[in-house]
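Peer 1: Generate coordinates for the sequence data below:
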Amino acid sequence: MASRGYNDVTVELIVKRARVSYKTFYKHFRSKEDSFLSLFDSVVGSTERRIRDRVAAESDSWGEGVAVALRTLVELVVSDPIIARAVIVEAPTVGPEIVDRYERAIKALVPLFRAGREFNPRGADLPATIEDILAGSVFWSLNQRLIAGESERLHELLPEVTLLVLRTYLGEPEAGRLAEEQLERLIAPSA
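Peer 2: Residues are numbered from 1 along each chain as shown. Below you'll find the model as predicted:
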């Protein structure tokens, strides 16, 4: 689905590539859409767990937590760009049920971002939708790089999205410091 697009994939192609029978496919899935929903739910669930675990283990502050969450997301996309393309690029084209799940997946970052309002002296005055916009911007940036076939360059996106999100709450200097720190960890995780 990542290489051909959802609409150009058939159940026939799926069973042929998976080397299973139609009976086996239909034992597990009602339709092509059902199989895609299963993939989507599995990937989103494991991504959310991985982000939550790493934020808990690797951050001592809210700003570090956001930076770790964004770094983890970028690392997961870079580690499997084919699956990432299927979930981030193709999912919105599948149908209404997946669009709803896709929007919920994007909004999973909103509570984490919203907690940053307490670090901005005018946090209460920020637009009510700012966290939704920031989360959408992160996913849109990933989407565009995947469409352009630039998955190997996604690490370059990390400072930009980290700065975008953190600047809203912490200001430029602290946001910049945390963005650079996460880029260094992405490039040299053992350092």
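Peer 1: going forward, measure contacts and count neighbours with C-alpha atoms only.
Peer 2: Noted.
Peer 1: Mind listing what's buried along the least confident helix or strand in the chain by mean pLDDT?
Peer 2: Of all helical and strand segments in the chain, the minimum by mean pLDDT, DSSP states H and E falls on helix 172-187, at a mean of 82. Going by neighbour count (16 or more other Cα atoms under 10 Å), the buried part of helix 172-187 is Ala175, Gly176, Leu178, Ala179, Glu180, Gln182, Leu183, Leu186.
Peer 1: Next one: the residue nearest the centre of the chain from Ala91, what distance?
Peer 2: Nearest to the geometric centre of the chain sits Leu73, at 5.3 Å (Cα atoms, centre = their mean). For Leu73, the distance to Ala91 (Cα to Cα, to the nearest Å) stands at 17 Å.
Peer 1: likewise Ala84?
Peer 2: In terms of Cα to Cα, Ala84 sits 10 Å off from Ala91.
Peer 1: Gly63 too?
Peer 2: Counting by Cα to Cα, the gap from Gly63 to Ala91 is 30 Å.
Peer 1: which SSE is the residue lying farthest from the centre of the chain in?
Peer 2: For the chain, the C-alpha farthest from the mean C-alpha position belongs to Lys23; by Cα atoms, centre = their mean, that distance is 33.4 Å. Element membership for Lys23 (DSSP states H and E) is helix 22-28.
Peer 1: Quick check: buried residues in that helix?
Peer 2: Phe25.
Peer 1: so Val99 makes contact with Val89?
Peer 2: No. In this structure Val99 lies outside contact range of Val89 using Cα atoms under 8 Å: 11.4 Å.
Peer 1: For those two, indicate the residue with more neighbours.
Peer 2: Val89 (22 against 14; other Cα atoms under 10 Å).
Peer 1: show me the contacts for the nearest residue to that one once chain neighbours are set aside.
Peer 2: Leaving out its chain neighbours, the residue that sits closest to Val89 by Cα to Cα, 6 or more residues apart in numbering is Asn143, at 5.6 Å. Asn143 sits next to Arg85, Ile88, Val89 when contact means Cα atoms under 8 Å, 6 or more residues apart in numbering.
Peer 1: model confidence over the strand or helix carrying Glu131, on average?
Peer 2: Taking DSSP H and E as the definition, one finds Glu131 inside helix 130-147. The pLDDT scores in helix 130-147 average 95.
Peer 1: got the angle between the next helix or strand after it and helix 130-147?
Peer 2: Reading on from helix 130-147 to the C-terminus, the next helix or strand found by DSSP H and E is helix 157-170. If you take axes from the mean of the first three to the mean of the last three Cα atoms, to 10 degrees, helix 157-170 sits at 170 degrees to helix 130-147.
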